[in-house]
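>>> no FASTA, just this:
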């Protein structure tokens with residue numbers, strides 16, 4: 001359920017936040033180089049295999065290929 005809620009939240013935020021990513025000025029502690037702002041891609045919709053819901057195993061995947069591999 002958390003995957004689904006995360007997806008819905010990302011969709012809602014993308015609809016209202018059209019600005020550039022915030023640059024907090026983070027630096028890589030190992031190299032001292034400045035890190036670029038995190039660039040978020042389009043949200044990925046989770047694929048639910050509801051037939052596996054009560055199996056005690058994974059039943060949500062992020063790609064159709066992975067969803068097909070769930071047993």
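Everything's here; your move. These numbers come from a predicted model, not from an experiment.
>>> Can you give me the end-to-end span of stretch 39-47?
With Cα to Cα, to the nearest Å as the measure, stretch 39-47 spans 24 Å from end to end.
>>> brain fart, stretch 58-71
Stretch 58-71 has an end-to-end distance of 9 Å (criterion: Cα to Cα).
>>> Now do the buried residues in it.
Buried residues in stretch 58-71, counted by 16 or more other Cβ atoms under 10 Å: 59, 60, 61, 67. All C-beta atoms are positioned from the backbone trio N, CA, C, and that covers glycine.
>>> Next step: the residues you listed restricted to strands.
Taking DSSP state E, the ones among the buried residues of stretch 58-71 that sit in strands are 60, 61.
>>> Closest one of the buried residues of stretch 58-71 to residue 3?
Proximity of the buried residues of stretch 58-71 to residue 3, judged by Cβ to Cβ, is greatest for residue 60, which lies at 5.2 Å.
>>> Quick check: that closest one vs residue 4, distance?
Summarising the geometry, the distance separating residue 60 from residue 4, computed by Cβ to Cβ, to the nearest Å, is 8 Å.
>>> so what sits against both of those two?
Both residue 60 and residue 4 are in contact with 46, 48, where contact means Cβ atoms under 8 Å, 6 or more residues apart in numbering.
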